[in-house]
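S.K.: Sequence below, structure please.
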Amino acid sequence: MKKQFFSLFFCSFILVSCSYFEQAYKKEPIKVVDTIVDFSSVDAFPLFPNCKSIPSREKQQVCFQLEMSQHIYASLKKYSLNAVDEVSDTVLVKLKVNSNGETTLTNLKISAQTKQLLPEFDSILEVSIQKLPTLEPAIKRNMPVSTEFILPIILTN
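M.R.: Sure thing, here's the model as predicted:
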């Protein structure tokens, strides 16, 4: 009797323990992670404080471009840029907004003639960019990222 009871107990223990281990070793499905990152676009553009409330991504981009242009224009307007000859040129300003929202001038494409006529233009532009408010940085995959963009400035007399 003891032998049968012990055998029955042993068999039931093995059956229960096998199903227990089966639950523990159940494999989870493999999660697919998107590893392809498009470095030429961002999920959200850098934003000036008053552009945050705009819901549309495209309108936020337009707001950013307008605010940047207006700020640079207002800053340049404070200085009297006097040239001996007539100036008609487009200056390409490459700006970088880092992941902390700080804006810096990274490159300036200006013709030699314009540089000669307006030698102080680059330093005035540098000062006006330093006076920009801290922006909300661009967002890519819910992370703040640095972005660069080119702002054309048209100079005419």
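
S.K.: which residues touch the residue nearest the centre of the chain?
M.R.: Nearest residue to the geometric centre of the chain (C-alpha atoms, centre = their mean): A138, 2.5 Å. Shown in contact with A138 (C-beta atoms under 8 Å, 6 or more residues apart in numbering): 42-46, 97, 144-147. In this view, the C-beta of every residue, glycine as well, is placed from N, C-alpha and C.

S.K.: Tell me who's in contact with the nearest residue to E67 once chain neighbours are set aside.
M.R.: Once flanking residues are discounted, E67 sits nearest to F48: 4.3 Å by C-beta to C-beta, 6 or more residues apart in numbering. By C-beta under 8 Å, 6+ apart, F48 lies in contact with 63-64, 67-68, 133, 135-136.

S.K.: For Q60, see how far away the residue nearest to the centre of the chain is.
M.R.: 11 Å (C-beta to C-beta, to the nearest Å).

S.K.: what do those two both touch?
M.R.: Counting by C-beta under 8 Å, 6+ apart, the residues touching both A138 and Q60 are 44-45.

S.K.: Show the pLDDT at the closest residue to V145 other than its chain neighbours.
M.R.: Distances taken as C-beta to C-beta, 6+ apart place A138 nearest to V145, at 5.3 Å, with adjacent residues excluded. pLDDT for A138: 89.

S.K.: ok, back up a step: neighbour count and distance to K115 for the contacts of A138 - can I get that in CSV?
M.R.: Output for the contacts of A138, formatted as CSV (neighbours: other C-beta atoms under 10 Å; distance: C-beta to C-beta, whole Å):
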residue, neighbour count, distance to K115
V42, 19, 32
D43, 13, 38
A44, 16, 36
F45, 23, 31
P46, 26, 28
V97, 26, 26
P144, 18, 35
V145, 17, 32
S146, 16, 28
T147, 19, 27
